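# Just to be clear, the model below is a prediction. Sequence and coordinates:
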Amino acid sequence: MPEYERKDYTDIYGAIMSFDKNKETPIHQWYPFVEGYASDFIKSIVDELNYKPECCLDIFSGSGTTNLEMQNMGIKCYSFEISPFMYELSRVKLRTDYTLNNFDNNVRKLKKLISKSPLDIENFEKFPQNRNYVEKEGLVKWHYDTEVMRGILDIKYAINLINDDLYSPLFRIALASILLKVSNMYRNGKCISYKKNFDKRQMLSRLDVHECFYERLDNVFRLDIENIEKNNINQIVNNYNNCKHGDTRELINTLDNNSIDLLITSPPYLNSRDYTDSYIDELRVLGYMDNISSEQSYRSKTIRSHVQVKWDKNNPLEIPLLIDSYNKIKEYEEEFWNNSLLDMISGYFWDMDTIFKSLYDKMKFGGSIFFNVANSAYYETEIEVDKIIAEIAENNGFKVVEIREARRMKPSSQQRKKFDYLIESVIVMKKELAS
Ligand SMILES: C[S@@+](CC[C@H](N)C(=O)[O-])C[C@H]1O[C@@H](n2cnc3c(N)ncnc32)[C@H](O)[C@@H]1O
């Protein structure tokens, strides 16, 4: 087994990896996606290459940081994403045909429609029917106060009435970006939880929700639209049609052989978090999913990084580092909080194997891969995800150039006794030139 040393990149990557930096970057700021990386990370990679990439790929596109930044740099980029919400978010950010005039006209129309919204809007527009979504007698906690629900529905109804291919999706993303703010929830990492003392704070009115939405449109979106319109003349590449919705394990196979000379991506980490739970309100309230079976079908197509699906039984890949951690964790089987844990761990690396197998033919000789992952820990055992993936990539023909230690992450409270931190890294790989 090759011995991979990690190179310390914490000084460089510490400042540019977190999505926080995107919160004030034009267009990237339209929706704060906690699990994303910053646009500067993408720029730093292109800067260090000794060639100008012709075609890039991001196989887990999330909020679309890679494809948008590539578009800004005039580089073609394919991107794949399973979440219908994240997919729409990326596509909205990649459009370049917005104009200030049309934006302003549509906002005016929207405001007029909202001001004439029926008082009993809940009879005209759908809101999730889940038991704890809206305040009602007998509930102690709920996601949305009744007036807040009505405020959201007014906006959603108006967006649907506008029914514009370009501006309705944009307004939906603007609405998504205020959803948690007006709700009783916050994102706590793993899922969403109730804000502390939510029932004691001052309730928002229906109009407050509208104002919060208009404020976002006027102060964030409008300025960016103005700049998009100005820069549109210089736009040489548009990645909108290269952004695809679906399971990356299938979509990779649709690419031409020898077509990709740069891959930058960050898969879900092996931390048993399901993005479906973290973004469940956006998915449900905005209508991307409206029943349990669509939710289940979506979850079952995600990479096996969580236990919200009962995964099929499977044995781990024959990689000593993996087998070693797997067997140590297996010793605690009787204490497991979920009996899919081992199938998740082995399934995750099978998924990575499937991906690297398909990727090999799609990459050009000499092409580079930057793969951002994080290590995990279960039952006092660390899983060195970066080193295991490095070995999977090598087994599928790639050359691992180096593993860069990017950041040190706080482990979950159960693991803190044993581990001070878990490493997040960037695996740098190449498809070497044929000799
Ligand atoms: C860590 S995030 C990527 C973040 C991205 N780099 C950014 O800056 O926004 C991983 C993404 O992989 C997506 N994903 C999970 N399983 C997938 C699958 N089978 N096919 C495509 N995307 C998937 C998740 O929905 C999530 O958006």
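Arrived safely, thanks for sending. Numbering: from 1, shown residues only.
# neighbours of residue 230, just the number please.
Residue 230: 10 surrounding residues under other CB atoms under 10 Å. For the C-beta atoms, the positions are set from N, CA and C on the backbone; glycine is no exception.
# before we move on, what about the one 10 residues further on?
If you count neighbours by other CB under 10 Å, residue 240 ends up with 15.
# That one and residue 251, how far apart?
16 Å (CB to CB, to the nearest Å).
# Next: residue 280.
On the measure of CB to CB, residue 280 and residue 251 end up 24 Å apart.
# Where do the domain boundaries of the chain fall?
6-83+237-272+307-430, 100-234 (automatic domain parsing).
# So what would you say the end-to-end distance of the first one is?
So the one you mean is domain 6-83+237-272+307-430. 17 Å (CA to CA, to the nearest Å).
# Kindly give the local confidence score, pLDDT, for residue 63.
On the pLDDT scale, residue 63 is placed at 96.
# on that earlier part again, can you say which of the domains of the chain is packed in most?
Highest mean neighbour count of the domains of the chain: domain 6-83+237-272+307-430, a mean of 19 (counted as mean count of other CB atoms under 10 Å).
# could you dump the domains of the chain to a markdown table with distance to the ligand?
Shown next, in a markdown table, are the domains of the chain (distance: least, CB to the nearest ligand atom, whole Å):
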| stretch | distance to the ligand |
| --- | --- |
| domain 6-83+237-272+307-430 | 3 |
| domain 100-234 | 13 |
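# Look at residue 281 and say how many residues are nearby.
Residue 281: 20 neighbours (other CB under 10 Å).
# Confirm it sits in a strand?
No. Under DSSP: H, G, I helix; E, B strand; the rest coil, residue 281 sits outside any strand and is assigned helix.
# list the contacts for it?
143, 179-180, 183, 185, 192 (CB atoms under 8 Å, 6 or more residues apart in numbering).
# ok, so of those, who is nearest residue 106?
residue 179 (20.2 Å; CB to CB).
# what's whichever helix or strand that closest one is part of packed up against?
Element membership for residue 179 (DSSP states H and E) is helix 167-182. Where contact means 3 or more CB pairs under 8 Å, 6 or more residues apart in numbering; DSSP states H and E, helix 167-182 is packed against helix 84-94, helix 100-115, helix 146-162, helix 206-216, helix 280-285.
# Save those as TSV, and put in mean pLDDT too.
Rendered in TSV, the data for those read as follows (pLDDT from 0 to 100):
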stretch	mean pLDDT
helix 84-94	97
helix 100-115	98
helix 146-162	97
helix 206-216	98
helix 280-285	96
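# Kindly reformat those as TSV containing distance to residue 46.
Formatted as TSV, the helices and strands packed on helix 167-182 follow (distance: least, CB to CB, whole Å):
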stretch	distance to residue 46
helix 84-94	18
helix 100-115	30
helix 146-162	36
helix 206-216	31
helix 280-285	30
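# and of these, who's closest to residue 371?
helix 84-94 (19.0 Å).
# near the ligand at all, the closest one?
Yes. On the criterion CB under 6 Å from any ligand atom, helix 84-94 is in touch with the ligand at residue 86.
# what kind of secondary structure is the residue nearest the centre of the chain in?
Geometric centre of the chain, nearest residue: residue 62, 3.0 Å, by CA atoms, centre = their mean. Three-state call for residue 62 (three-state DSSP): coil.
# Would you mind measuring from it to residue 128?
23 Å.
# Show me the shaky parts of the protein.
Along the chain, segments meeting pLDDT under 70 span 1-2, 233-234, 435.
# Contact partners for residue 191?
Taking CB under 8 Å, 6+ apart, we find residue 191 in contact with 273, 277-278, 280.
# restrict these to contacts with the ligand.
Counting by CB under 6 Å from any ligand atom, no member of the contacts of residue 191 is near the ligand.
# Among those residues, name the ones in strands.
Applying DSSP state E to these, no entry is found in strands.
# now those residues: which count as buried?
Buried subset of these (neighbour count, 16 or more other CB atoms under 10 Å): 273, 278, 280.
# now those in CSV, with distance to residue 296?
Shown next, in CSV, are the buried ones among the contacts of residue 191 (distance: CB to CB, whole Å):
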residue, distance to residue 296
273, 17
278, 17
280, 13
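# which of the residues in stretch 283-296 are buried?
283-289, 295.
# roughly how far is it from the heart of the chain?
17 Å (CA atoms, centre = their mean, to the nearest Å).
# ends of it, how far apart?
13 Å.
# and that stretch, anywhere near the ligand?
No. For stretch 283-296, no contact with the ligand is found by CB under 6 Å from any ligand atom; the gap never falls below 10.7 Å.
# Please list the outside residues in contact with that stretch.
With CB under 8 Å, 6+ apart as the criterion, stretch 283-296 contacts 83-85, 88, 126-128, 130, 133, 152, 156, 172, 175-176, 179, 276, 282, 298, 309.
# just so I have it, where are all the strands in this protein?
Under DSSP E, the chain gives strands at 6-8, 55-58, 76-81, 185-187, 192-194, 243-245, 260-265, 363-374, 376-378, 381-383, 399-409, 422-430.
# got the ones you listed as CSV, with distance to residue 165 columns?
What follows is those, written out as CSV (distance: least, CB to CB, whole Å):
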stretch, distance to residue 165
strand 6-8, 47
strand 55-58, 24
strand 76-81, 20
strand 185-187, 30
strand 192-194, 30
strand 243-245, 16
strand 260-265, 29
strand 363-374, 33
strand 376-378, 41
strand 381-383, 44
strand 399-409, 39
strand 422-430, 37
